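# Sequence and predicted structure below; questions after.
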Amino acid sequence: MKTIYVVRHAKSSWDISDIPDIKRPLLEKGKKRTKKVIDYLLENGIQVDYIISSHAVRALDTAKILAHALKYQDEIKIDSHLYFTDGDSIIDQFFDLPDRYKSVMIVGHNPALTDFINHYLDTPIDNLPTSGIVSISFDTGRWDKVPSAAHKVNFVLFPKELEKKDL
């Protein structure tokens, strides 16, 4: 069984107009929402064997926050293609992974992430929100077989849903 955790970066700042999009930093609100997601992951005993992130500041900072909280000790793979990719190309991230990895987290951007997960959801979503996460398991022991393997959606988690549960 192979499991993918697809995470959209945390909410970032649009208020700084003199920096390129790729360097936009996270907002405190984004970090707090990511903390809610982390709490859910920890409460459910979720660990990851490998993390891949876009090189954009907001994605990489989100990946680092998640890695620290999940006690991920290895280096985060930074892939600039995730910044410009489309949903169909995200699957390429998994072909060369060592089969010893059981679970992989990918941190990136819309619209590519939404397009990718909609290939697997029974009811497609319009938008994976910032700090949103989707977990999908594939019935295979090999990463290169993931595209053709039977799959199961484990959860679709939006930070706003977690905030409502706290009320």
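Happy to help now that I have it.
# Report the secondary structure element holding residue 128.
Counting by DSSP states H and E, no helix or strand carries residue 128.
# can you map out the strands along this structure?
With strands called from DSSP state E, the chain shows them at 2-8, 50-53, 77-78, 103-108, 133-138, 151-157.
# most remote residue from this structure's center?
The C-alpha centroid of the chain is most remote from residue 18, which lies 27.6 Å away (Cα atoms, centre = their mean).
# Phi and psi next, for that one.
Phi and psi for residue 18, reported as degrees, to the nearest 10, are phi -100, psi 20.
# what's next to the lengthiest helix in the chain, contact-wise?
Across the chain, the longest stretch assigned as helix under DSSP state H is helix 28-43. Residues outside helix 28-43 that contact it (Cβ atoms under 8 Å, 6 or more residues apart in numbering) are 7, 9-12, 58, 62, 65-66, 69-70, 130-131, 133, 157, 159, 162-163. (C-beta placed from N, C-alpha, C; glycine too.)
# same thing but at 6 Å, please
Applying Cβ atoms under 6 Å, 6 or more residues apart in numbering, the contact partners of helix 28-43 are 10-11, 65, 69, 131, 133, 159, 162.
# Greatest separation within the residues you listed: which pair is it?
Comparing every pair within the contacts of helix 28-43 by Cβ to Cβ identifies 11 and 69 as the most remote, at 17.1 Å.
# Pick out whichever of these two has more residues nearby.
residue 11 (21 against 15; other Cβ atoms under 10 Å).
# Contacts only, for the more buried one.
Neighbour list for residue 11: 27, 29-30, 130 [criterion: Cβ under 6 Å, 6+ apart].
# can we see that at 10 Å?
Listed by Cβ atoms under 10 Å, 6 or more residues apart in numbering, the contact partners of residue 11 are 26-34, 58, 62, 129-131, 159.
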